[in-house]
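1. Just the structure for this:
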Amino acid sequence: MPRARAARPRSLALGVALLLGAALLAPLGPVATGAGATPRPAAAERVRSDHVKNAHGTHSWHTVERLVPVMTGPDDDIALDLDTTLYVPGNAARRHPQPAILMTHGFGLTKDSPEVVSTARFFAAHGYVVLTYTSSGFGNSGGCVTLQSTDYDVKSASQLIDKVLEPRKDVLHDGRGAVVGTIGGSYGGGIQLPLAAADPRIRTSVVGRTWNNLIYSLDPDNRVVPGDPTGLTHGLNTQGVFKQEWTSLFYALGNTQPASDGGDCPGAKTASGDPAEIAGAASCPGYYLALCRTYELLTSTGDSDAEGRTLIAHASASTYLKHVHVPVLLVQGQSDTLFNLNDASATYLSLKRRHVPVGMIWNSGGHGGYSSQPGECEAYDGTLRTVKRMDRCYLSLRSLGWMDHWLRGDHGGRGPAFTYYRDWVKYAGHGPDDEQYAAARRFPLRRHATTFTLSGSNALKVPGSKVTAGSAVITNPTGSDPAAYSETSNFSGPDSSPSSADVPPQEVEGQFAAFTSKPLRRAVSAVGIPSARLRITNTNGQDMVFFAKVYDVDRAGGATLIHRLIAPVRVPATAVGKPVHIRLAGFAHRFGKEHRVRLVLCTTDQTSYNAKVADVLTIATGAGSTFTLPGRLRSR
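-> As a prediction, this is how the structure comes out:
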């Protein structure tokens, strides 16, 4: 195979530079550089597009700026101010009160960021009272960064409703108090469901590109624990594979907030009178010490401890979903390697099992430098948009319809249960990009899946094909160096700066096994979460770590790692030798006619804390070793 040079970040501080370093890295065939002609959907799929109507936000509004004092913390003894902006539309009055919407921002941003301002103006123009605020530890708000924890941020948000929205006669009230919906993405999405569980005034939530279980998002393990009812109950795993690149970027960003005049964590620590916090302020300036200790433990050992897991659980929606009873719309990006589609799917399935009204949208893009597509308008891509523009965009209109349905009782805006963006369908070029969004009544889709059997040392065989029992052996070197390259976290999207979008994913010789199907007889859409049942063992007596991913191999042999997604797996040493059931990262992808499906299992990835002790993994093939892909595939 030809040799290639791969990008690897050597520093994960804010000023990230891309350094090129040679390694024994090889692409899985020629790199696919273009999408080629857009294939037409097969008629047999019978997939319908979603449909939304343009809206016209006609109300003017004025804003009110205010620093609001709150008391927060585990013992309710931490005083801080939160910076707020209230958008009051012209139609809101004592005689005509309007529902309210509460929104905060993504990590490292403020209430004045484009995502918040664009969204607040849009909803104000449509007659909603909108309260936006800067979360603690950022901007002009006080306090430390506390990860939207129920011990801190949720308490603060409820007090904002108490002090700003409850007293207003132009805000709609009922027997439970102010009628409030929430919206936000990423860090601004993470608070919404814990808040909805704690505060009965929250009536609905539109949750964008965020986590289900923050432990899974930052220390993932895609192993399915026996007895898991959905296959996505990630909290059943104790240890994972630390997502070191992404986590280190956010950790650094939080700790640089005080130096950038963001928040006032050093002041909060001084006010606490805690000698340990005061002494540790220099080395942990943006967070409380417990969080810094958790990060340091993960970066030094790859393991978390019980204290750290409890801390992160208090900032995880999964911990509180059993107390969420309000309708929820989940919006998650298909190219997101920080909070992937499995995060949203886990939340969706958990709510659905309890008969909570829930919808889900898999949009294009996600974290890492992906701009929204024309006519789509995902708010969290950093673009400041006008109301007029958002009135003609799919995602903003779906969010408005959801709020109107559940807060105003305007029926018809709830939309389909599940929609997903299709990059293989052409946008009409004007108005909302609903034609690229397929609509379904349920998730998972009720379509036939294809279960391949791993055969020989490198084949995927469809049902009915002859299967050969065999094996493939892959190694993990001491120190896990060199490591495979899937992406440079946060800098792999075409619109990131700097961008490594032109650096293809690459595997390391001897560290991966590739199992490939025969060419497909027709183009097929695979929409959902793949899974595998593997017979895989290791030799070093420790937890077994590997990564699973899916490539699309085109007619010329060019291999494309679908959305650069990987599924880290960590099998406890006590479970090695038993069959391993995993869920890979979900996607919506069109395999073209004559393309092949490729499952890759490898031992390392540059984004993660890999196993440091040398290891040899053996993958047994034949009966009992399977890979299941959503969608019925037919090979020649």
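2. Contacts only, for residue 52.
-> 394, 397-398, 401, 415, 432, 434 (C-beta atoms under 8 Å, 6 or more residues apart in numbering). For the C-beta atoms, the positions are set from N, CA and C on the backbone; glycine is no exception.
3. pLDDT value on it, please?
-> For residue 52, the model assigns a pLDDT of 94.
4. how close does the closest residue in space to it that isn't next to it in sequence sit to residue 576?
-> Among residues not flanking residue 52 along the chain, residue 397 sits closest, at 4.5 Å (C-beta to C-beta, 6 or more residues apart in numbering). To residue 576, residue 397 is 50 Å away according to C-beta to C-beta, to the nearest Å.
5. ok, the two, which is more surrounded?
-> residue 397 (23 against 18; other C-beta atoms under 10 Å).
6. I'd assumed that one was in a helix, is it?
-> Yes - counting by DSSP: H, G, I helix; E, B strand; the rest coil, residue 397 is part of a helix.
7. Let's see the helix or strand hosting residue 68 as CSV, backbone CA atoms only.
-> When elements are assigned from DSSP states H and E, residue 68 belongs to strand 61-72. Provided in CSV are the C-alpha atoms of strand 61-72 (Å, rounded to 0.1, in the frame of the first residue of the first chain):
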residue,chain,number,x,y,z
TRP,A,61,-39.3,43.4,20.1
HIS,A,62,-37.2,45.2,22.6
THR,A,63,-34.6,43.9,25.0
VAL,A,64,-33.8,44.3,28.7
GLU,A,65,-30.3,43.6,30.0
ARG,A,66,-30.0,42.5,33.6
LEU,A,67,-27.5,40.9,36.0
VAL,A,68,-29.6,38.5,38.1
PRO,A,69,-28.3,37.2,41.5
VAL,A,70,-28.7,33.5,42.3
MET,A,71,-27.7,31.2,45.1
THR,A,72,-26.4,27.9,43.9
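8. Contacts for it, please.
-> By C-beta under 8 Å, 6+ apart, strand 61-72 touches 77-90, 121, 124-125, 133, 136, 140, 143, 151-153, 155-156, 159-160, 163-164.
9. can you give me the helices for the protein?
-> For the chain, the helices defined by DSSP state H occupy 114-125, 153-160, 187-190, 192-198, 214-218, 244-255, 265-272, 275-279, 289-301, 306-313, 317-320, 341-353, 387-390, 394-403.
10. neighbouring contacts of the first one?
-> Put plainly, it is helix 114-125. 57-61, 85, 87-89, 101, 103-106, 109-110, 130, 132, 183-185, 188, 379-387, 390-391, 396, 400, 403.
11. Restricting to C-alpha, output that helix in PDB.
-> C-alpha atoms of helix 114-125 as PDB (Å, rounded to 0.1, in the frame of the first residue of the first chain):
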ATOM      1  CA  PRO A 114     -24.700  34.300  17.000                       C
ATOM      2  CA  GLU A 115     -26.500  31.100  17.900                       C
ATOM      3  CA  VAL A 116     -28.300  32.700  20.800                       C
ATOM      4  CA  VAL A 117     -29.100  36.100  19.200                       C
ATOM      5  CA  SER A 118     -30.300  34.500  16.000                       C
ATOM      6  CA  THR A 119     -32.600  32.100  17.800                       C
ATOM      7  CA  ALA A 120     -33.900  34.700  20.300                       C
ATOM      8  CA  ARG A 121     -34.700  37.200  17.600                       C
ATOM      9  CA  PHE A 122     -36.500  34.500  15.600                       C
ATOM     10  CA  PHE A 123     -38.700  33.400  18.400                       C
ATOM     11  CA  ALA A 124     -39.400  37.000  19.600                       C
ATOM     12  CA  ALA A 125     -40.500  37.900  16.000                       C
END
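12. That one relative to helix 394-403, how many degrees between them?
-> Counting by axes from the mean of the first three to the mean of the last three C-alpha atoms, to 10 degrees, helix 114-125 lies at 50 degrees to helix 394-403.
13. and the residue sitting furthest away from the middle of the chain, how far is that from residue 437?
-> Taking C-alpha atoms, centre = their mean, the residue of the chain most remote from its mean C-alpha position is residue 95, at 41.6 Å. Here the criterion is C-beta to C-beta. By it, residue 95 lies 39 Å from residue 437.
14. Please apply the same query to residue 241.
-> In terms of C-beta to C-beta, residue 241 sits 33 Å off from residue 437.
15. swap in residue 596?
-> Relative to residue 437, and taking C-beta to C-beta, residue 596 is found at 27 Å.
16. who has more neighbours, the two?
-> Under the criterion of other C-beta under 10 Å, the comparison of residue 596 against residue 437 puts residue 437 first, with 26 against 22.
17. residue ranges with poor pLDDT in this structure?
-> 1-46, 634-636 (pLDDT under 70).
18. center of it - which residue?
-> residue 339 (1.7 Å).
19. That one contacts residue 217, doesn't it?
-> Yes - Residue 339 lies in contact with residue 217 (C-beta atoms under 8 Å); the separation is 5.5 Å.
20. Overlap in contacts, these two.
-> residue 211.
21. Stretch 541-558: end-to-end distance?
-> Separation of the first and last residues of stretch 541-558 by C-alpha to C-alpha, to the nearest Å is 37 Å.
22. quick check, nearest of the contacts of residue 52 to residue 409?
-> Nearest to residue 409 among the contacts of residue 52, counting by C-beta to C-beta, is residue 401 at 12.6 Å.
23. what about the closest one, how many neighbours?
-> 19.
24. what sits against it?
-> Applying C-beta under 8 Å, 6+ apart, the residues contacting residue 401 are 52, 412-415.
25. again, but for residue 170
-> 88, 92-94, 96-98, 129.
26. Not counting sequence-adjacent ones, nearest residue to it?
-> In space, residue 170 is closest to residue 92, 4.0 Å off (C-beta to C-beta, 6+ apart).
27. correct me, but the one you found touches residue 171?
-> Yes - the criterion here is C-beta under 8 Å, and residue 92 meets it with residue 171 at 7.3 Å.
28. what sits in contact with each of the two?
-> Counting by C-beta under 8 Å, 6+ apart, the residues touching both residue 92 and residue 171 are 98, 129.
29. ok so, going back, which one among the contacts of residue 52 gets closest to residue 422?
-> So of the contacts of residue 52, ranked by how close each gets to residue 422 (C-beta to C-beta), first place is residue 434, at 11.2 Å.
30. what's around that closest one, how many residues?
-> Residues near residue 434, counting by other C-beta under 10 Å: 22.
31. Was I right to think it contacts residue 51?
-> Yes - using C-beta under 8 Å, residue 434 is in contact with residue 51, at 5.4 Å.
32. For residue 412, the count of nearby residues, please.
-> Residue 412 has 9 nearby residues by other C-beta under 10 Å.
33. Show the contacting residues for it.
-> So residue 412 contacts 401, 405 (C-beta under 8 Å, 6+ apart).
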